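Peer 1: sequence below, structure please.
(one chain, ligands or ions: 2)
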Amino acid sequence: MVSKTLTFVTGNKNKLAEVKAMLGKVEGIEIENHDVDLPELQGEPEDICREKTRLAAESIKGPTIVEDTSLCFNALHGLPGPYIKDFLKKLGHEGLNTILAGFEDKSAYSQTIFGYTDGPGHEVHLFPGRCQGRIVPPRGNYFGWDPIFQPDGKEQTFAEMSHEEKNTISHRSRALAGLIQFLQQM
Ligand SMILES: O=c1[nH]c(=O)c2ncn([C@@H]3O[C@H](COP(=O)(O)OP(=O)(O)OP(=O)(O)O)[C@@H](O)[C@H]3O)c2[nH]1
Ligand SMILES: [Mg+2]
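Peer 2: Ligands and ions are numbered 1, 2, ... in the order given. The predicted structure follows:
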């Protein structure tokens, strides 16, 4: 692969730190950040990510990466999904637990979809990654909904783990693996 500088368009500093930590180990890829709050349409996560990537590339005018992250409750057939940001803001960790109080099934999955395009007018490639787990009362301190998500087979929530441990199993790292493979074949 030829060395490439890619712009990751996100307003989320924690996402940026995780992506930089993981991509930093890959030779030939440099990441720059552009902090724009992109409009996100409603719909399926894939469609939201495709449109977000397309809009971001119009502003970057070159190779562009974005990602969109969902938290999906199985009892609610995948909701809040891509709308988790608003749910979290309005209801908090406690409210998200309360939503599931009437259901026995607390299982959930976290999902990140990375979108990549060479630039405006070029094809958008999507790279999804998931982590299965369940929703628990909050434990630990880290951003977003990490304190209430406990991955399957783990005793800790994402927020209680070291960043390195989260990055070995997370939705984001699994999605990023697909993007890295794609970039390395270019
Ligand atoms: O506990 C978490 N662990 C994570 O690994 C994670 N990744 C994202 N989030 C949160 O889930 C919503 C996604 O919305 P989102 O994808 O639109 O992100 P965003 O608006 O913050 O940034 P961006 O759209 O500019 O990239 C936002 O509330 C994020 O804070 C996470 N929470
Ligand atoms: Mg967003």
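Peer 1: run a quick neighbour tally on the residue of the chain found nearest ligand 1.
Peer 2: For the chain and ligand 1, the shortest gap (CB to the nearest ligand atom) falls at Gly144, measuring 2.1 Å. From N, CA and C alone the C-beta is placed, and that goes for glycine too. Neighbour count of Gly144, defined by other CB atoms under 10 Å: 19.
Peer 1: over to Gln42?
Peer 2: By other CB under 10 Å, the residues close to Gln42 number 8.
Peer 1: now do the SS call for it.
Peer 2: Under DSSP: H, G, I helix; E, B strand; the rest coil, the three-state class of Gln42 is coil.
Peer 1: so what's it up against?
Peer 2: Taking CB atoms under 8 Å, 6 or more residues apart in numbering as the criterion, Gln42 is in contact with 48, 83.
Peer 1: try 10 Å this time
Peer 2: Neighbouring residues of Gln42 by CB atoms under 10 Å, 6 or more residues apart in numbering: 48, 82-83.
Peer 1: give me the distance between it and Cys72.
Peer 2: Spatial separation of Gln42 from Cys72 under the definition CB to CB, to the nearest Å is 15 Å.
Peer 1: what's the answer for Met161, then?
Peer 2: For Met161 relative to Cys72 (CB to CB), the value is 20 Å.
Peer 1: what residues are up against Val36?
Peer 2: 9-11, 55-56, 59-60, 66.
Peer 1: count of residues packed around Arg174?
Peer 2: Look at Arg174: counted by other CB under 10 Å, it has 18 neighbours.
Peer 1: what kind of secondary structure is it in?
Peer 2: Strictly by three-state DSSP, Arg174 counts as helix.
Peer 1: where does it land on pLDDT?
Peer 2: As predicted, Arg174 sits at a pLDDT of 98.
Peer 1: where's the residue lying farthest from the centre of the chain relative to Ala75, distance?
Peer 2: Relative to the centre of the chain, the most outlying C-alpha is that of Gly102, 27.6 Å out, by CA atoms, centre = their mean. To Ala75, Gly102 is 9 Å away according to CB to CB.
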